[in-house]
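> Provided below are the primary sequence and the corresponding predicted coordinates.
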Amino acid sequence: SPSLDLAALYESNTFPRDPNLSSEDARILRRTLEKREFSLVSENDVLKSYDYIIAGGGLAGLVLASRLSEDSSRSVLVLEAGMSGDEVKDRVDPPAGAFYTSIVGSDYDWKHPIEPQPMLNNRAGTWPRGKILGGSTAMNAMYLVRPSQIEVDAWQQLLESSQDPDVLTGASRWNWNTLFAAMKKSENFTAPAEDAWEVGGRFPYDASTHGSGGPMSLSYPRVMFSIVGNWTGALDAVGVPPQEHPNGGITMGSFISPSSINPTNLTRSYSRPAYIDSLPPRSNLHILSEATVTKVGFSDKVRSDGNEVIAHSVEFAKDAQSTRFVVGVDREVILAGGPLGSPKVLMHSGVGPKDVLDQIGVDVVNDLPGVGQHLQDHLTAGIVWESRVETAGDVRAAGADFSRSAEFLSFINDAVAFINSSLLFSGNEGVYQQEIQGMLENGTQTVPSPSSEVVEGYKAVYNLTASTFWEGSAQIEMLMSVISAGQISIQSAIQHPYSRGRVYINSTNPFDPIVIDPQYFTHPADRVIMRQGVKLVRQVGTALGDLLGPETTPGPGVATDAEIDEWLTNGGANTQYHPASSCSMLPRKWGGVVDSSLKVYGLANVRVVDSSVYPYEFAAHLASATFGLAEEGAVVVRESAFEVPSQAKLDDKDLGAQGTNGASGLKSGAVSVLVAVGVSVVLAW
Ligand SMILES: Cc1cc2nc3c(=O)[nH]c(=O)nc-3n(C[C@H](O)[C@H](O)[C@H](O)COP(=O)(O)OP(=O)(O)OC[C@H]3O[C@@H](n4cnc5c(N)ncnc54)[C@H](O)[C@@H]3O)c2cc1C
């Protein structure tokens, strides 16, 4: 029997860092404890109902799980479609796992196919997304950059400009001050190590713009490469000044971004280790992996005081062949499946555009044309040169012991620049702006929805993008990559696209893939902005001087506008992995899906809390903002007193396993046990 004092370990909250945990006994114990502490349960452990059911254990889902279960009187269930990820910890944990051991393309990746894109020569391809506890934060590139104050404040202004009561109340939550505080709440910042910082050219950072003591670690790689130190100087030479206070509200300029690295053990800090593994045991939190939410169930007996439909249950299954289970909800369902998962669950539940649902015979519970619409993504294109200086890729290729050390593996790309229209079009930005403003009607014709409401929302965001964001926010992000042997690349990524796509379902089987049509480059302005970014990237390459050799991709033969366009079309332009806005927080009359309290229109107790609710793309990678959004979302949920009335609840006989191939896996009578003894009692696991 193990000699460790479990109670003391629990109380001191030192697990799993206790040095005694090195013996075999302790290892086994640790695994057992990990399962308990981590609240990971099996189907048989799931109770018949929970206060909160969170669909999706990704970035936002695990933040919510952690924050909502702080209240021990509330029970929380997370249903995550992917595996727990314990088996691939070695591939996820090292920071450079983002590149060298990445789970992109593995069984932990949704590998969502996208529709052929006519403006990209019918190229299709896939969008990677994390299918694992931690979601896309378990596979992302670990940049932690914030949107700018102008963009976030515009969110509140946009909602208020609509004068719509659904978004007026609560609009004041969605501004820079609130999101900045929420993003900081999620963070624990550590400055770069002196020697690495020296190699990186003593780049500026501002600890006061970061949080301390929050769950998510952010810091810098333990090693740097000298060309990183040349980055801000090269950008300065082409007119893009260094940014001394990145992440403080003004992103314009060039800087070295912090990354989601835990500096104490040089591992990836993502939503699972940050928000879940670090928790003391919580008997009121259950997390079930390999559980795809197939639909939300609604009461047909009774509606809320506001005449809204009440969700009484969530259905889930391991895969298409497995038993479907139904678990009851006592307070709220929170969708956190990300910009593809959340609209999909809504549509399979009968909440979405009527034309889409009618076409495949899904009963319409709530005709909401905006579900799956307003989809935006960042497109990126990279210029590649031969390198004349050592890169991380060279060290890796040489294969010395150092290349396997935690220090080396903590290296992550981090040199970025955010560039607005005046820097991009140097003097001609007004001309381009006028042209784009005059193309609003062309844009509306490409909106992939028959709904005038969705078109109105497109117009509102378009006008904002072509005015406030044109000069005040970045049009292009540049990123330098030194992870390949013998080469250096610099990407140019469009940040505020005018093209709009959509996601929708074309089958009643929730295990069939969602249809994704990003409609890249359907608005011509996007191509012009991107082309301009490519030209500026080449100027940066020139400014880096003899650190770079000849350009290899696309090569000097691609020089004129027409040639650059052709290259972008035929292979140059690809996703930067930032889809957003498919369940936009906008007024219903603008094709919105959630109101300013993140609640789905027409539903009394279903919210969406993830990167699908942004009304427009930010000029930023989305993780930092989404940590803040989820922190704030948890506050919103906890403020609500809504309880599912007893007349709306599913009968006991309806809960549990559905279908023919299995007995109920859900814990019989567990609900009454909870009521009788309170949730502080440790359940039999
Ligand atoms: C390859 C890649 C690189 C990236 N690089 C960066 C970067 O460097 N910096 C940055 O800031 N951002 C980056 N991002 C983006 C960032 O990681 C995402 O924007 C962020 O994780 C979105 O959070 P989310 O909670 O909305 O979704 P996710 O984190 O994707 O979580 C959604 C979760 O829901 C689950 N799910 C979906 N449907 C269901 C269902 N029906 N039932 C149950 N579970 C379901 C999924 O499996 C997943 O775990 C990158 C993304 C990718 C894919």
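It's in. If you're wondering where the values come from, they're calculated on a predicted model, not measured in any experiment. Numbering: from 1, shown residues only.

> could I get the contacting residues of whichever residue of the stretch 401-550 of the chain sits closest to the ligand?
At 6.8 Å from the ligand, Pro510 is the closest residue in the stretch 401-550 of the chain, using C-beta to the nearest ligand atom. To be clear about C-beta, it is placed using only N, CA and C from the backbone, and glycine gets the same treatment. Residues in contact with Pro510 (C-beta atoms under 8 Å, 6 or more residues apart in numbering) are 292, 294-295, 344-345, 348.

> switch the cut-off to 6 Å
294, 348 (C-beta atoms under 6 Å, 6 or more residues apart in numbering).

> quick check: it vs Cys583, distance?
17 Å (C-beta to C-beta, to the nearest Å).

> swap in Ser597?
Distance from Ser597 to Cys583, by C-beta to C-beta: 14 Å.

> have a look at these two and say which one is more surrounded.
More crowded of Ser597 and Cys583, by other C-beta atoms under 10 Å: Cys583, with 34 against 17.

> so the more buried one, which of the three states?
coil (DSSP: H, G, I helix; E, B strand; the rest coil).

> so who does it touch?
342-343, 593-594, 608, 612-613.

> and if we set it to 10 Å?
Contacts for Cys583 (C-beta atoms under 10 Å, 6 or more residues apart in numbering) come out as 335, 337-339, 342-343, 346, 368, 370-375, 503, 592-594, 598, 600, 607-614.

> and Gln491, how far is that from Asp90?
28 Å.

> ok, these two, which is more surrounded?
More crowded of Gln491 and Asp90, by other C-beta under 10 Å: Gln491, with 22 against 9.

> give me the phi and psi angles of that one.
phi -100, psi 150 (degrees, to the nearest 10).

> how about the nearest residue to it, chain neighbours excluded?
Gly382 (4.2 Å; C-beta to C-beta, 6 or more residues apart in numbering).

> circling back: kindly identify which of the contacts of Cys583 also come near the ligand.
337-338, 610-611 (C-beta under 6 Å from any ligand atom).

> what residues are up against the closest residue to the ligand within the chain?
Closest residue of the chain to the ligand, C-beta to the nearest ligand atom: Gly58 (1.7 Å). Gly58 makes contacts with 78, 80-82, 129-138, 270-272, 336-338, 341, 610-611, 626, 630, as judged by C-beta under 10 Å, 6+ apart.

> from Lys131, how far out is it?
9 Å.

> what's the overlap in contacts for those two?
80-82, 138, 341.

> output the below-cut-off pLDDT ranges for the stretch 551-685 of the chain.
Along the stretch 551-685 of the chain, the model assigns pLDDT under 70 to residues 657-685.

> what about the helices in it?
Assigned by DSSP state H, counting those that start in this stretch, the stretch 551-685 of the chain shows helices spanning 561-567, 623-639, 670-677.

> ok, back up a step: neighbour-wise, which one of the shared contacts of Gly58 and Lys131 leads?
That'd be Glu80 among the shared contacts of Gly58 and Lys131, by other C-beta under 10 Å, with 33 neighbours.

> skipping adjacent residues, who's closest to it in space?
Excluding the flanking residues, the one nearest Glu80 by C-beta to C-beta, 6+ apart is Gly57, at 3.2 Å.

> on that earlier part again, what about the ligand: which of the shared contacts of Gly58 and Lys131 touch it?
Under the cut-off given by C-beta under 6 Å from any ligand atom, the ligand has 80-82, 341 from the shared contacts of Gly58 and Lys131 close to it.

> out of these, list just those in strands.
Judged by DSSP state E, strands contain none of those.

> can you flag which of the residues you listed belong to helices?
Among those, DSSP state H puts Gly341 in helices.

> so can I have JSON lines of the ones next to the ligand among the shared contacts of Gly58 and Lys131 showing pLDDT?
Output for these, formatted as JSON lines (pLDDT from 0 to 100):
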{"residue": "Glu80", "pLDDT": "98"}
{"residue": "Ala81", "pLDDT": "98"}
{"residue": "Gly82", "pLDDT": "97"}
{"residue": "Gly341", "pLDDT": "98"}
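
> helix, strand or coil for the residue nearest to Leu568 when sequence neighbours are not counted?
In this structure, Leu568 finds its nearest non-sequential neighbour in Ala381, 5.8 Å apart by C-beta to C-beta, 6+ apart. Secondary structure assignment for Ala381 (three-state DSSP): strand.

> looking at strand pairing, list the partners for Ala381.
Ser492 (DSSP bridges).

> related to what we said a few turns ago, dump the helices of the stretch 551-685 of the chain to a markdown table, plus distance to Tyr432 and mean neighbour count.
As requested, these are exported to a markdown table (distance: least, C-beta to C-beta, whole Å; neighbours: other C-beta atoms under 10 Å):
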| stretch | distance to Tyr432 | mean neighbour count |
| --- | --- | --- |
| helix 561-567 | 14 | 16 |
| helix 623-639 | 27 | 23 |
| helix 670-677 | 61 | 14 |
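
> show me what from the stretch 451-600 of the chain comes close to the ligand.
Going by C-beta under 6 Å from any ligand atom, the residues of the stretch 451-600 of the chain near the ligand are 577-578.

> ok, 8 Å please
Contact residues (C-beta under 8 Å from any ligand atom) of the stretch 451-600 of the chain with the ligand: 510, 576-580.

> which two of these have the greatest separation?
Taking C-beta to C-beta as the measure, these span a maximum distance of 27.9 Å, between Pro510 and Gln576.

> list the contacts for the nearest residue to Tyr614 once chain neighbours are set aside?
What sits nearest to Tyr614 in space, not counting adjacent residues and going by C-beta to C-beta, 6+ apart, is Ala580, at 4.9 Å. Ala580 makes contact with 338-339, 374-378, 610-618, 622, 625-626, according to C-beta under 10 Å, 6+ apart.

> at 7 Å what do you get?
The contact partners of Ala580, by C-beta atoms under 7 Å, 6 or more residues apart in numbering, come to 339, 376, 611-612, 614, 617, 622.
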